[in-house]
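Novice: model this:
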Amino acid sequence: MQRVFLLSPAKVSGIRAQLLLNPKAPFPRARTFHARGLPLAEIFAFASALYFRGKIAYARRFADTARGELIRVITANRGLLDPDLIVMPADLRAFGEVDIDASDARYRRPLRRDAAALARQLPRDGVAILLGSIATAKYRDVLLDVFGDRLVFPQDFVGRGDMSRGGLLLRAARAGTELPYTSVRGAVLTGRRAPRIADM
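Specialist: A predicted model of the protein is given here:
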């Protein structure tokens, strides 16, 4: 395994996630969710719309699964999970009961455990690609402590908000053009507003 893609989580306290959790919701996705569950990536993509859709589309486009490259999603209380894992309503509610805060052991310990297991599988020149903001320490510091210089992120994320990053990733996935990466260690965490995607 040369690379692993690490996707930051979707917010599960928003309106869209609550729609899914409503047992009386009439739309097909919600009915399926309550009957037999849905893949984690599908739930998070529905909950966060553009941003997570961009992350999962990008990771699926560029992760070389034939060579053992993995995609893992950060969660609030279960560490790093496979995006295809079937999640039930009780699981989604449990995600919402734990803050994504490194000071909360319920979040930090599973994340560190799973990150350390992945780090042991990576060769010295392998990388963990973080598709998420590095401007906050929510997951940056835990992952950086585990992966060190092998933790990288798309350098074009600097100066962009969530929606802009999502659009950037979707565009790259559709074009088949992987973004350049830079190490999280020592990176500029915030910067001048990046150009609009339409202007690139």
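Novice: When you work out contacts or count neighbours from here on, use the C-alpha atoms and nothing else.
Specialist: Will do.
Novice: can you give me phi and psi for Leu130?
Specialist: phi -90, psi 120 (degrees, to the nearest 10).
Novice: Name all residues that make contact with it.
Specialist: Going by C-alpha atoms under 8 Å, 6 or more residues apart in numbering, Leu130 touches 5-8, 151-154.
Novice: what's the one helix or strand Leu144 maps to packed up against?
Specialist: According to DSSP states H and E, Leu144 maps onto helix 137-147. Helix 137-147 is packed against helix 105-121, with contacts defined by 3 or more C-alpha pairs under 8 Å, 6 or more residues apart in numbering; DSSP states H and E.
Novice: And the strands in the protein, which stretches?
Specialist: 3-7, 38-39, 70-74, 80-81, 86-87, 127-131, 151-154, 181-183 (DSSP state E).
Novice: Format those as CSV; extra columns: mean pLDDT.
Specialist: Shown next, in CSV, are those (pLDDT from 0 to 100):
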stretch, mean pLDDT
strand 3-7, 97
strand 38-39, 98
strand 70-74, 98
strand 80-81, 98
strand 86-87, 98
strand 127-131, 97
strand 151-154, 95
strand 181-183, 94
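Novice: Using TSV, please lay out those strands together with distance to Pro28.
Specialist: Formatted as TSV, the strands of the chain follow (distance: least, C-alpha to C-alpha, whole Å):
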stretch	distance to Pro28
strand 3-7	26
strand 38-39	11
strand 70-74	24
strand 80-81	25
strand 86-87	16
strand 127-131	29
strand 151-154	35
strand 181-183	38
